[in-house]
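Asks: just coords:
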């Protein structure tokens, strides 16, 4: 009997190990497909320039000088500086290091669901085909770090709530929760709020007996983590006292809430590109409505099945605590965004993704369990449309990033031919791609840097041969440059993601 039990345990362990290797291989494949060599876009420019600093002291002085939201993502910024010194600072290199956070998160999630095999497979499938994950895997920004760490936190809480592990395994999940919670909080100030939602929801929903047992057994872990989180909170308060904050280029209103859902639930690749949404607003969605409506209908069926499955196995108290904790944090972030004119987007809710993933995975598992053609048809449609959305985000031109590398190359070529160039875009993009700028018109070997010029600005500048413009709402908010180009007879001669090249008519 003992030998049989031992044999079954070994067989189960081997089966789990085989599945984990499979999950690791597929996660690596997804990651390889998701990252690209596209130019850094605006937000990534700051990441790349920080990674290029020669010393840690230079890195820190740059963080203080910028005094922006990067100062409030300390773990990611120090991580990217270390990686830049090891792997280089090319577009692929700085995006590829996302693997070190994405892979552990995926493996932690699937391991935590090992006793629920159908749910494990379904949740992994949804994660591997998540357009939200694909998009941020391809960004040199802290959001994949937050995705991976929030998966670790969610997985740890899931297993600790089950109370089914032996002490050695339980200690491992406690370590995962403590380490994941602190690292997630250190990845960004907003991420610390989401960490609070996870911990608050867990404490409110667990039974009193289970909480007391965990508190007594692991009190040094909780005390140490609490002190570290307190110190981190003081650091964030210090950055706020310096005036560090995100850009105020956008605003938060009711549309932002729906765009957060649009991103988190995977619509992005089936709709217009972000640049089209930026310029066209709601009208940009019109040509894509049929595909979005079909996906929305399929998604609702999966969400309904997932919610029913979770509600059938979870107490109302637990559901209420988790829903309330995350709704309060989301509401607080949106309220702050409205108050301080900070545009809240899906990326600021990246730690919320594991919950979306769990509901969708539960829905897929429940539909497949029905073993009827309707359920399988919905699953096939969901998988197919998710794959199309992922591939569209990765390969379609409408979803391409701002092409600062291409714009700088055109500027270089014009300067080499002795032409006068105006650069109306982010200064850091020209710096990163080695296009020398000046604000002094007499420097003929440099491009003239213009940002939000006032009316009549052209009187003190030589007439340009080439003007490179990007995102008028950021760099020509007064419309003075656009007015000049129209009056002087300039015409667009080239257009590429987020940029337009202008030359005088006839040139």
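Replies: That came in fine, so what should we check first? Only a predicted model underlies this, so the values are computations on that prediction, with no experimental measurement involved.

Asks: quick one: contacts for the spatially most central residue of the chain?
Replies: Nearest to the mean C-alpha position of the chain, by Cα atoms, centre = their mean, lies residue 143 at 3.5 Å. The contact partners of residue 143, by Cβ atoms under 8 Å, 6 or more residues apart in numbering, come to 136, 347, 350. For the C-beta atoms, the positions are set from N, CA and C on the backbone; glycine is no exception.

Asks: So the second one: helix, strand or coil?
Replies: The reference is to residue 347. helix (DSSP: H, G, I helix; E, B strand; the rest coil).

Asks: roughly how far apart are it and residue 143?
Replies: 5 Å (Cβ to Cβ, to the nearest Å).

Asks: Show me the contact partners of stretch 191-206.
Replies: Contacts of stretch 191-206 (Cβ under 8 Å, 6+ apart): 142, 146, 149-150, 153-154, 157, 160-161, 181, 184-185, 211, 214, 229, 232-233, 236, 315, 317-318, 321-322, 324-326, 328-329, 332-333, 349-352.

Asks: From the residues you listed, keep the buried residues only.
Replies: Buried by 16 or more other Cβ atoms under 10 Å: 142, 146, 149-150, 153-154, 157, 160-161, 181, 184-185, 214, 229, 232, 236, 318, 321-322, 325-326, 329, 333, 349-352, out of these.

Asks: which residues do residue 347 and residue 143 both contact?
Replies: With Cβ under 8 Å, 6+ apart, residue 347 and residue 143 have common neighbours residue 136.

Asks: Could you measure from residue 287 over to residue 390?
Replies: Look at residue 287 and residue 390: by Cβ to Cβ, they are 20 Å apart.

Asks: quick one: which of those two has more around it?
Replies: residue 390 (24 against 11; other Cβ atoms under 10 Å).

Asks: How is the protein partitioned into domains?
Replies: The chain breaks down into these domains under automatic domain parsing: 2-399, 404-504.

Asks: roughly how far is stretch 302-320 from the heart of the chain?
Replies: Remark: stretch 302-320 is offset 27 Å from the chain centroid, using Cα atoms, centre = their mean, to the nearest Å.

Asks: Quick check: mean pLDDT of it?
Replies: Model confidence over stretch 302-320, given as mean pLDDT, is 94.

Asks: And for stretch 56-73?
Replies: 88.

Asks: Give the buried residues for that stretch.
Replies: So stretch 56-73, judged by 16+ other Cβ under 10 Å, has buried residues 59, 60, 62, 63, 68, 69, 70, 71, 72, 73.

Asks: Same check on stretch 243-256?
Replies: Buried, per 16+ other Cβ under 10 Å, within stretch 243-256: 244, 245, 246, 250, 252, 256.

Asks: go on, stretch 207-218?
Replies: 214, 218.

Asks: Identify all contacting residues around it.
Replies: 160, 161, 163, 171, 174, 203, 206, 222.

Asks: contacting residues around the fourth one?
Replies: Put plainly, it is residue 171. Counting by Cβ under 8 Å, 6+ apart, residue 171 makes contact with residue 218.

Asks: If you average the pLDDT over the helix or strand where it lies, what comes out?
Replies: Secondary-structure assignment from DSSP states H and E places residue 171 in helix 167-186. Average pLDDT, helix 167-186: 94.

Asks: So residue 304 is in contact with residue 363, correct?
Replies: Yes: here residue 304 reaches residue 363: they are 7.2 Å apart, a contact under Cβ atoms under 8 Å.

Asks: Identify the contacts common to the two.
Replies: Joint contacts of residue 304 and residue 363 (Cβ under 8 Å, 6+ apart) do not exist.

Asks: who has more neighbours, the two?
Replies: residue 363 (28 against 14).

Asks: Touching, the more buried one and residue 311? I think so.
Replies: No: in this structure residue 363 lies outside contact range of residue 311 using Cβ under 8 Å: 11.9 Å.

Asks: Among the buried residues of stretch 56-73, which one sits closest to residue 260?
Replies: Residue 260 lies nearest to residue 69 out of those, by Cβ to Cβ, at 17.7 Å.

Asks: Quick check: chain neighbours aside, which residue is closest to that closest one?
Replies: Distance criterion Cβ to Cβ, 6 or more residues apart in numbering; nearest residue to residue 69, sequence neighbours excluded, is residue 246 at 4.1 Å.

Asks: per-residue confidence for the one you found?
Replies: pLDDT, residue 246: 72.

Asks: residue ranges for the strands of the stretch 351-500 of the chain, please.
Replies: Assigned by DSSP state E, counting those that start in this stretch, the strands in the stretch 351-500 of the chain fall at 421-424, 437-438, 447-449, 466-469, 490-496, 499-504.

Asks: could you dump those to TSV with mean pLDDT, distance to residue 27 and mean neighbour count?
Replies: Below are these laid out as TSV (pLDDT from 0 to 100; distance: least, Cβ to Cβ, whole Å; neighbours: other Cβ atoms under 10 Å):
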stretch	mean pLDDT	distance to residue 27	mean neighbour count
strand 421-424	95	40	25
strand 437-438	90	41	16
strand 447-449	93	42	21
strand 466-469	96	39	25
strand 490-496	92	32	14
strand 499-504	94	34	19
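
Asks: sorry, back to before: which of the contacts of stretch 207-218 sit farthest apart?
Replies: Longest span within the contacts of stretch 207-218, Cβ to Cβ: 171 and 203, 19.1 Å.

Asks: Point out the least confident member of the contacts of stretch 207-218, please.
Replies: residue 163 (78).

Asks: Report how many residues lie close to that one.
Replies: Other residues lying near residue 163 total 13 when counted by other Cβ under 10 Å.

Asks: Nearest residue to it in space, please, no chain neighbours.
Replies: residue 210 (5.9 Å).

Asks: residues in contact with the residue nearest to residue 154 when sequence neighbours are not counted?
Replies: Sequence neighbours aside, residue 354 is the residue nearest to residue 154 in space, at 3.9 Å (criterion: Cβ to Cβ, 6+ apart). Residue 354 sits next to 109, 150, 151, 153, 154, 155 when contact means Cβ under 8 Å, 6+ apart.

Asks: The same query, at a cut-off of 7 Å, please.
Replies: For residue 354, the contact set (Cβ atoms under 7 Å, 6 or more residues apart in numbering) comprises 150, 151, 154.

Asks: May I see those residues organised as TSV, with pLDDT, distance to residue 479 and secondary structure added?
Replies: Shown next, in TSV, are the contacts of residue 354 (pLDDT from 0 to 100; distance: Cβ to Cβ, whole Å; DSSP: H, G, I helix; E, B strand; the rest coil):
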residue	pLDDT	distance to residue 479	secondary structure
150	98	42	helix
151	97	45	helix
154	97	47	helix
